[in-house]
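Colleague: Based on what follows, work out the 3D shape:
(one chain, ligands or ions: 3)
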Amino acid sequence: MIVLGVESSCDETGLALYDTDRGLLAHALHSQVAMHEQYGGVVPELASRDHIRRALPLLEQVLADARLDRHAIDAIAYTQGPGLAGALLVGASVACGLGLALDKPVLGVHHLEGHLLSPLLASEPPEFPFVALLVSGGHTQLMRVDGVGRYTLLGETVDDAAGEAFDKSAKLLGLGYPGGPAISRLAEFGDPGVYTLPRPMLHSKNLNFSFSGLKTAVLTLVKTKITNICEQDKANVARAFVDAIVEVLVAKCMAALKETGLKRLVIAGGVGANRQLREALNAAAAKKRFRVFYPELEFCTDNGAMIAFAGAMRLQLQPEAAQRDYAFNVRPRWPLDELSI
Ligand code: ATP
Ligand code: MG
Ligand code: FE
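Modeller: Numbering: from 1, shown residues only. Ligands and ions are numbered 1, 2, ... in the order given. The predicted model follows:
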């Protein structure tokens, strides 16, 4: 079965073809980062319009890369939520329009299920069950994953997401958008221990997170403690920020593994691309004897491959999920643990 995946929940248009026999056949992505950069964040209306421009050329590209005719597609999976309403509507209407025109079934996919299952696209995929840390621009959650559609929320952020903390702190340091990769690179030049930032909820005795105080601490440091902040100081602040957030993320993962008794940890979402986080988790895994799995770097942030894959997994387990009713509705807010199989 060949599934076309369509992702448009935020500022990336992603299309991909996944074959349940042969694996990922092709994927293509257009990132709108350059377009939104001048505004310091995603402008929803511009995002929607750009998805409209990009979707069909990207479809042609994946079909050409996979050397397939569009009629070879068996089903179309699209991101139904959560995300920006207008952006989601573009992907949903493209998918349902194609479904109607090609007479193929369509299926709405949960964006976070896409992120969560993305490590299964890697060459050495984890087996179920595992603990998943989902760290993206909009979410920070620890889940117990027993199979496709079998998710138990263990803990989550009570305020900002980890990616949001990266982006907002980077902005305070004048690093542009999105700030995660930039603050991570700058931190490499920082000296450890020059500044110390709080580790929110490190000892909270539950698996929740809080990152808004960390961002405020960066603001206070930049505004009051350092006059005429120089490049080295910026790098030192970046280092303090990365050290603090990585320590909290790693500690909570350890606690989740302990609580569940599981020995497999999966990292998903954009912050999963972070080098310092990966290094710290790899070190902990070697020491504490558990295995840690990551998506391929290009599938950490939003992409169509994870949507095609999640759609294909669902269709295999739940063939009735495929619809030929092409009236669609999107779900900008949609908790992951509402999903079942
Ligand atoms: P959600 O999936 O919750 O709706 P999103 O789709 O915007 O949010 P992703 O695309 O998964 O989130 O990830 C984007 C986030 O990942 C941004 O906040 C970005 O700064 C962060 N990010 C990407 N690469 C890195 C990195 N190397 N280090 C730290 N953060 C990173
Ligand atoms: Mg994005
Ligand atoms: Fe995402």
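Colleague: Against which helices or strands is the lengthiest helix in the chain packed?
Modeller: When the chain is parsed with DSSP state H, its longest helix is helix 231-260. On a contact count with 3 or more C-beta pairs under 8 Å, 6 or more residues apart in numbering; DSSP states H and E, helix 231-260 meets strand 130-135, strand 140-147, strand 150-156, helix 162-172, helix 179-187, helix 212-220, strand 264-268, helix 275-288. For the C-beta atoms, the positions are set from N, CA and C on the backbone; glycine is no exception.
Colleague: Buried residues in it, which are they?
Modeller: Within helix 231-260, the residues that qualify as buried by neighbour count (16 or more other C-beta atoms under 10 Å) are 233-246, 248-257, 260.
Colleague: try stretch 167-186
Modeller: Buried positions in stretch 167-186, judged by neighbour count with 16+ other C-beta under 10 Å: 167-173, 175, 177-184, 186.
Colleague: From the residues you listed, pick out the ones that also neighbour ligand 3.
Modeller: Taking C-beta under 5 Å from the ion as the test, ligand 3 is in contact with none of the buried residues of stretch 167-186.
Colleague: near ligand 1, from these?
Modeller: Filtering the buried residues of stretch 167-186 for proximity to ligand 1 (criterion: C-beta under 6 Å from any ligand atom) leaves 167, 178-181, 184.
Colleague: Please work out the residue of the stretch 1-150 of the chain nearest to ligand 3 and name it.
Modeller: Ranked by C-beta to the ion, the top residue of the stretch 1-150 of the chain for proximity to ligand 3 is Ser136, at 4.6 Å.
Colleague: Contact partners for that residue?
Modeller: 112, 115, 161-163, 268-271 (C-beta atoms under 8 Å, 6 or more residues apart in numbering).
Colleague: The same query, at a cut-off of 6 Å, please.
Modeller: 163, 269-270 (C-beta atoms under 6 Å, 6 or more residues apart in numbering).
Colleague: measure whichever residue of the stretch 201-341 of the chain sits closest to ligand 2 to Gln276 for me?
Modeller: When you check the stretch 201-341 of the chain against ligand 2 by C-beta to the ion, the closest residue turns out to be Asp302, at 4.9 Å. Distance of Asp302 to Gln276, computed by C-beta to C-beta, to the nearest Å: 22 Å.
Colleague: okay, the two: which has more neighbours?
Modeller: Taking other C-beta atoms under 10 Å, Asp302 and Gln276 do not tie; Asp302 has more neighbours (26 against 16).
Colleague: wait, what's in contact with the nearest residue to the more buried one once chain neighbours are set aside?
Modeller: Spatial nearest neighbour of Asp302, chain neighbours left out: Glu12 (4.1 Å); criterion: C-beta to C-beta, 6 or more residues apart in numbering. Counting by C-beta under 6 Å, 6+ apart, Glu12 touches 29, 31, 302.
Colleague: before we move on, back to that, quick one: the longest helix of the chain to chain centroid distance?
Modeller: Relative to the centre of its chain, helix 231-260 is centred 18 Å away, using C-alpha atoms, centre = their mean, to the nearest Å.
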